[in-house]
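>>> predicted model follows, preceded by the sequence.
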Amino acid sequence: MTERQKVLLTEVALRDGSHALSHQYTVQQVEKIAKGLNEAKVPYIEVAHGDGLAGSSLQYGRSKTNEFELIEAAVAVTDFSKVAVLLIPGIGTVKELKQAQQLGAKMARIATHVTEADVSAQHIYAAKELGMETVGFLMMSHMAEPEKIVEQAKLMESYGADIVYVVDSAGALLPNQVTTRIKAMKENIGVEIGFHAHNNLSLAMANTLAAIEAGATRIDGSVRCLGAGAGNTQTEVLVGVLDRMGIETGVDFYKMMDLAEDVVAPILPVPQEITKNSLVLGYAGVYSSFALHAQRAAEKFNLDARDILIELGNRKVVGGQEDMIVDVAAELAKVKTFV
Ligand SMILES: CC[C@H](O)CC(=O)C(=O)O
Ligand SMILES: [Mn+2]
């Protein structure tokens, strides 16, 4: 009998999904969701502020609950799933990484802009020293050609990353662009390859399947697609689709659907959908977590948030440059008063 192709899933609703809830998760909600994911046998559950460890701030949005309490709560209810944390060097530090590891986090995902992998060295070394499975997470991968991504992935591999992810932070990639990126990595790097999608152009599932077909074996999903912008690839749907394709995830399809419907849906302020602002994120290639900030700036300056997002895309603004959102809005408002 031939062995079934396997993919390992990381659930990001308790990290990327935090954006959809304006970082207002409570310990009770995290306990319930993590328990359900554990029972459904999801291999990894990421828990942190939406912008990673230490992201709670005026710039990125304040968390309702200290993320270490949330990590502790997730670890306490999981005996199968491993808890992962995400860290952007410069926002989070080795100190927070150590704290998360001491609380029981087993995987560290170190995220950098796709052309700045060199800033991940210290944090990847530290995560490996702490005995954590370590992922290099190349954000905004639509902004670099496959050759550049390979070069950056090789750097992360050289620092000790066990896995390197292509991250479609803006939900801007088209399936053929995912294929060329993952294929180039597959041909040139020796570690496992992962893929993280956003659904702004309604392509999260198609892009995820393209990534798997091209050789990705680590895939991110989010229950009810909770995540920044239009959210991520919907985990419970992905589990069903992969099963139909004969690809094994080890995740219990019925338990994932029940968790989505009975536990996650009731806590959502509004269902996650492709709104006009999230569609424009994908269209203009803008970091998904900018949508809510752009909406607030639009209200303040009496503008259409789409115009702000398009201009941010023109200027190739990247994660970490949230302060540019208000600057761009102010400039657009000034131009508007002069015409
Ligand atoms: C933590 C920053 C960012 O939201 C990571 C991510 O999920 C992405 O780039 O899509
Ligand atoms: Mn994301």
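Yep, it's here. Ligands and ions are numbered 1, 2, ... in the order given.

>>> in this protein, what residue is nearest ligand 1?
The minimum distance from the chain to ligand 1, using Cβ to the nearest ligand atom, falls at Ser169 (3.1 Å). The C-beta positions use only the backbone N, C-alpha and C, and glycine is treated the same way.

>>> Thr180 is in what secondary structure piece?
helix 175-188 (DSSP states H and E).

>>> by contact count, what packs against that helix?
helix 146-159, strand 163-167, strand 192-196, helix 204-214 (3 or more Cβ pairs under 8 Å, 6 or more residues apart in numbering; DSSP states H and E).

>>> neighbours around Val75, how many?
When neighbours are defined as other Cβ atoms under 10 Å, Val75 has 20 of them.

>>> contacting residues for the closest residue in space to it that isn't next to it in sequence?
Using Cβ to Cβ, 6 or more residues apart in numbering and skipping residues adjacent in sequence, the residue nearest Val75 is Gly104, 3.5 Å away. Gly104 makes contacts with Ile71, Glu72, Val75, Val83, as judged by Cβ atoms under 8 Å, 6 or more residues apart in numbering.

>>> buried sites along the one helix or strand the first one maps to?
In this case it means Ile71. Using DSSP H and E, Ile71 falls within helix 67-76. The neighbour-count check on helix 67-76 (16 or more other Cβ atoms under 10 Å) flags Glu67, Phe68, Leu70, Ile71, Glu72, Ala73, Ala74, Val75, Ala76 as buried.

>>> render the CA-only coordinates of that helix in CSV, please.
Provided in CSV are the C-alpha atoms of helix 67-76 (Å, rounded to 0.1, in the frame of the first residue of the first chain):
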residue,chain,number,x,y,z
GLU,A,67,-0.5,37.0,26.2
PHE,A,68,1.5,35.0,28.7
GLU,A,69,-1.7,34.2,30.6
LEU,A,70,-3.2,33.1,27.3
ILE,A,71,-0.2,30.9,26.5
GLU,A,72,-0.4,29.4,30.0
ALA,A,73,-4.1,28.7,29.5
ALA,A,74,-3.6,27.0,26.2
VAL,A,75,-0.7,24.9,27.5
ALA,A,76,-2.8,23.8,30.5
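
>>> name the helices or strands packed onto that helix?
Using 3+ Cβ pairs under 8 Å, 6+ apart, helix 67-76 sits against helix 27-39, strand 82-87, helix 94-102.

>>> rerun that using 6 Å as the cut-off
Applying 3 or more Cβ pairs under 6 Å, 6 or more residues apart in numbering; DSSP states H and E, we find helix 67-76 packed against helix 27-39.

>>> any idea of the angle the helix it packs on forms with helix 67-76?
40 degrees (axes from the mean of the first three to the mean of the last three Cα atoms, to 10 degrees).

>>> residues contacting the helix or strand following helix 27-39, please?
Following helix 27-39 in sequence order, the next helix or strand is strand 44-46 (DSSP H and E). For strand 44-46, contacts defined as Cβ atoms under 6 Å, 6 or more residues apart in numbering pick out Thr10, Glu11, Val12, Arg15, Ala34, Leu37, Ser81, Lys82, Val83, Ala84, Leu86, Met107.

>>> next one: stretch 281-300
19, 142, 169-172, 198, 200-201, 228-229, 277-278, 305, 308-310, 312-313, 319, 322, 325-326, 329.

>>> out of those residues, which are buried?
19, 142, 169-172, 198, 200-201, 228-229, 277-278, 305, 308-310, 312-313, 319, 322, 325-326, 329.

>>> got a list of what Ala73 touches?
Counting by Cβ under 6 Å, 6+ apart, the residues that Ala73 touches are Val27, Val30, Glu31.

>>> re the thing from before, mind checking pLDDT for the residue of the chain closest to ligand 1?
pLDDT recorded at Ser169 is 98.

>>> and Met1, by the same measure?
Looking at Met1, the pLDDT reads 61.

>>> around ligand 1, pick out the residues from the stretch 151-300 of the chain.
Within the stretch 151-300 of the chain, the positions near ligand 1 by Cβ under 6 Å from any ligand atom are Val167, Ser169, His196, Ala228, Ser288, Ser289.

>>> the first one contacts Ala197, doesn't it?
No: in this structure Val167 lies outside contact range of Ala197 using Cβ atoms under 6 Å: 8.6 Å.

>>> which one of those two is surrounded by more residues?
With neighbours defined as other Cβ under 10 Å, Val167 and Ala197 compare such that Ala197 has more, 32 against 26.

>>> the residue nearest to that one when sequence neighbours are not counted - how many residues pack around it?
Counting by Cβ to Cβ, 6+ apart, Ala197 lies nearest to Ala204, which is 3.9 Å off, once chain neighbours are set aside. The tally of other residues near Ala204 (other Cβ under 10 Å) stands at 30.
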